[in-house]
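In: Provide a 3D model corresponding to the input given below.
(one chain, ligands or ions: 3)
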Amino acid sequence: MEKQPRLLCSRLLRGHTQVEVALNNSVLGWKDTDRSRKRSSGFSSLSGTAHSHVVPVCEIVAVCKTEDDNTKKKKLGSQLYPHAFTVSYVSRTRQHQWCCSDVTFHSADLTLCEQWIQVINEQLSLLTNRPRSLLVYINPFGGKQRGTRIYEQKVAPLFRRACISADVIVTERANHARDHLKTEASLDKFDGVVCVGGDGMFSEILHGLVTRTQTDHGVDQNQPEAELVPCSLRIGIIPAGSTDCICFATVGTNDPVTSALHIIVGDTQPMDVCSVLHDDVLLRYSVSLLGYGFYGDLLTDSERKRWLGPARYDLSGVKTFLSHKCYEGTVSFLPAGDDVGNPRDELLCRSGCHVCQRKASSNGKRRELSAEKETVCGLGVIRGKFIAINAASMSCACPRSPQGLSPYAHLADGTTDLILVRKCSRWDFLRHLLRHTNQDDQFDHSFVEVYRVRMFRFLPRDQEPVSLEDQSETGLEKTASGPMCSVQTTSCSKAHSSWCCDGEILPHAAIQVSVQCQLIRLFARGIEEQQQCVSEDPCTLWAPEPNTH
Ligand SMILES: CCCCCCCCCCCCC/C=C/[C@@H](O)[C@H](COP(=O)(O)O)NC(=O)CCCCCCCCCCCCCCC
Ligand SMILES: Nc1ncnc2c1ncn2[C@@H]1O[C@H](COP(=O)(O)OP(=O)(O)O)[C@@H](O)[C@H]1O
Ligand SMILES: [Ca+2]
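Out: Ligands and ions are numbered 1, 2, ... in the order given. Okay, the predicted model is just below:
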């Protein structure tokens, strides 16, 4: 492959060390010159400074002239270096966390500094995926009520440094952001929408943006067969909520600075959205967890304890666990094809995921879940008594469960992982829950089943067709895709639970769910496999000998 022409290469001063700095179309690099390395080797090893460093241009946040009194006095030997410029760039710390680092280069030559600033800025202006203008919504009451402070102290300064303009709206009530996006906001002037808050706040942005997009394109989202139009604006999430699972599962951490940097560099991560209907009428959209039984009850209880902040989930978790309820009903589902793998295949969804890139032909194949079709096309039907019915459209990894509810679920494959936890003893359920917090397989229990599906439907027992109720009287449960299995004899609560849908409670127990493949895009890149290596060998930046200024 032909090598990129070198654009600029100079000998400059960094700290007390002379360095050779080079820039081509994709990488900025600097290394100590041999002379200064010899002279300052003690200094370097003491401070831990590496002798060479490379930064991909796409991870440069900004470059600017440095003007302070120290710069004016900068000296090496008798030579003054009164001019300087600073490059801010992404550096990786630990656990997928990013921070913004600065490197300042000094020079005796003002024109040279200005040339560096100009050339780097020209390179940055070629990166067309970067947002220039954002619409930001802050929920001041999410999580520990630190949304406004997090934005002002950690995010706004970075946006300013990257020359991104932001229109900020601090919400005054629930659904303020959703309603504003739906009708009022002039979206044409923005390159993206940012929410500062938790999963509930993200859900508001999701609903506002999806609804607005359908309205603008004349699509009736209440039609069960409607082909929804993907949203053109990307969504950024600055985590300031209680669970922050959508941020955690798409970035790998819930750190506001990391998220701000993913927005600044203009990352893109497509994401599936489930539409949730009742009697063919749209109730809500979901991207993370749709849970009936355990998580529905937990969330309902936790809403009364909002004043406790994130700890409400632990308290309600213990209470719901102790109440040990189970619910009877029928789940029918359309299994996904083999092309998207299965929930236990140990294929993690990571940055550049191949499974998601193959992007199932699912959307074209959407079919209605109707009774006649249940006997054909491999549709699964499962009757039973369940402690939990969960659908995880993504891993749902979060600080409480770093692998998530379904560790091998994919962000953008057009499927959701349907997890059925049948009635079991308290002890067994606790064992199952505990496995969410360690490396053990939470699906490896006789009372847990998991299916990768494109759509599913749930009917609570009292709404089942009579024929299914009759079957249950025989004491047998039937699955179309699996073997017959016996019903446990213990009794079960007749009442309904609720569905929790990305942290919101739904008003109906009977729902139909279908996955809309890649309906939205986030400012994220999926979880990076490991510390990313720059593909370019730094040495090539300096070979052959540079024409130093
Ligand atoms: C014994 C320890 C068991 C730990 C089990 C952890 C499983 C965690 C899976 C979490 C999946 C989260 C999916 C995301 C949901 C969010 O969309 C949604 C909204 O988030 P927001 O408030 O930021 O807006 N959050 C939720 O629905 C909350 C889920 C909370 C899960 C907490 C579970 C705690 C369970 C504690 C059980 C304790 C048993 C103790 C027995 C003595
Ligand atoms: N200004 C506001 N006042 C009250 N509730 C709000 C406001 N802005 C947003 N909300 C609502 O607060 C709920 C929780 O927000 P979220 O940011 O997800 O925090 P948490 O993660 O703590 O639940 C969401 O349902 C959202 O609609
Ligand atoms: Ca998915």
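In: Surely residue 430 is in a strand?
Out: No - Residue 430 sits outside any strand when classified using DSSP: H, G, I helix; E, B strand; the rest coil, being helix.
In: From residue 506, how far out is the closest residue to it other than its chain neighbours?
Out: Nearest residue to residue 430, sequence neighbours excluded (C-beta to C-beta, 6 or more residues apart in numbering): residue 321, at 7.1 Å. In short, each C-beta sits where N, CA and C put it, glycine included. Residue 321 is 22 Å from residue 506, where distance means C-beta to C-beta, to the nearest Å.
In: repeat for residue 513
Out: 11 Å.
In: Quick one: mean pLDDT over the helix ranked longest in the chain.
Out: What stands out as the longest helix in the chain, according to DSSP state H, is helix 199-216. Per-region confidence: helix 199-216 scores 95 on mean pLDDT.
In: Could you confirm whether that helix reaches ligand 1?
Out: Yes - using C-beta under 6 Å from any ligand atom, helix 199-216 comes into contact with ligand 1 via 199, 200.
In: gap between that helix and the chain center?
Out: Helix 199-216 sits 16 Å away from the centroid of its parent chain (C-alpha atoms, centre = their mean, to the nearest Å).
In: swap in stretch 400-415?
Out: 11 Å.
In: Extract the CA atoms of it and return them as PDB.
Out: Output of stretch 400-415 as PDB, limited to C-alpha atoms (Å, rounded to 0.1, in the frame of the first residue of the first chain):
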ATOM      1  CA  ARG A 400     -24.500  -4.000  39.200                       C
ATOM      2  CA  SER A 401     -24.000  -6.700  36.600                       C
ATOM      3  CA  PRO A 402     -20.900  -6.100  34.500                       C
ATOM      4  CA  GLN A 403     -21.700  -8.900  32.100                       C
ATOM      5  CA  GLY A 404     -25.400  -8.100  32.000                       C
ATOM      6  CA  LEU A 405     -28.700  -9.900  31.900                       C
ATOM      7  CA  SER A 406     -27.800 -11.500  28.600                       C
ATOM      8  CA  PRO A 407     -24.000 -11.200  28.100                       C
ATOM      9  CA  TYR A 408     -24.000 -12.300  24.500                       C
ATOM     10  CA  ALA A 409     -26.900 -10.200  23.300                       C
ATOM     11  CA  HIS A 410     -26.100  -7.800  20.400                       C
ATOM     12  CA  LEU A 411     -26.800  -4.100  20.100                       C
ATOM     13  CA  ALA A 412     -27.900  -4.100  16.500                       C
ATOM     14  CA  ASP A 413     -28.700  -7.500  15.200                       C
ATOM     15  CA  GLY A 414     -32.500  -7.100  15.000                       C
ATOM     16  CA  THR A 415     -33.100  -9.600  17.900                       C
END
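In: ok, the residue of the stretch 251-400 of the chain found nearest ligand 1 - how many residues close by?
Out: Closest contact between the stretch 251-400 of the chain and ligand 1, by C-beta to the nearest ligand atom, is at residue 317 (2.6 Å). Residues near residue 317, counting by other C-beta atoms under 10 Å, number 17.
In: Then residue 216?
Out: With other C-beta under 10 Å as criterion, residue 216 counts 12.
In: gap between it and ligand 1?
Out: Counting by C-beta to the nearest ligand atom, to the nearest Å, the separation of residue 216 from ligand 1 is 27 Å.
In: And residue 176, by the same measure?
Out: Residue 176 is 16 Å from ligand 1, by C-beta to the nearest ligand atom.
In: between residue 513 and residue 506, what contacts are shared?
Out: residue 276 (C-beta atoms under 8 Å, 6 or more residues apart in numbering).
In: Please say which of those two ends up with more neighbours.
Out: residue 513 (25 against 18).
In: rewinding a little: buried set for the helix or strand the residue of the stretch 251-400 of the chain closest to ligand 1 falls within?
Out: Using DSSP states H and E, residue 317 falls within helix 312-323. Going by neighbour count (16 or more other C-beta atoms under 10 Å), the buried part of helix 312-323 is 312, 313, 316, 317, 320, 321.
In: mind putting those in JSON lines, pLDDT included?
Out: Output for the buried residues of helix 312-323, formatted as JSON lines (pLDDT from 0 to 100):
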{"residue": "312", "pLDDT": "89"}
{"residue": "313", "pLDDT": "90"}
{"residue": "316", "pLDDT": "94"}
{"residue": "317", "pLDDT": "95"}
{"residue": "320", "pLDDT": "95"}
{"residue": "321", "pLDDT": "96"}
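In: picking up where we left off before, the residue of the stretch 251-400 of the chain closest to ligand 1 touches residue 298, doesn't it?
Out: Yes - applying C-beta atoms under 8 Å as the test, residue 317 and residue 298 come out as touching, 5.6 Å apart.
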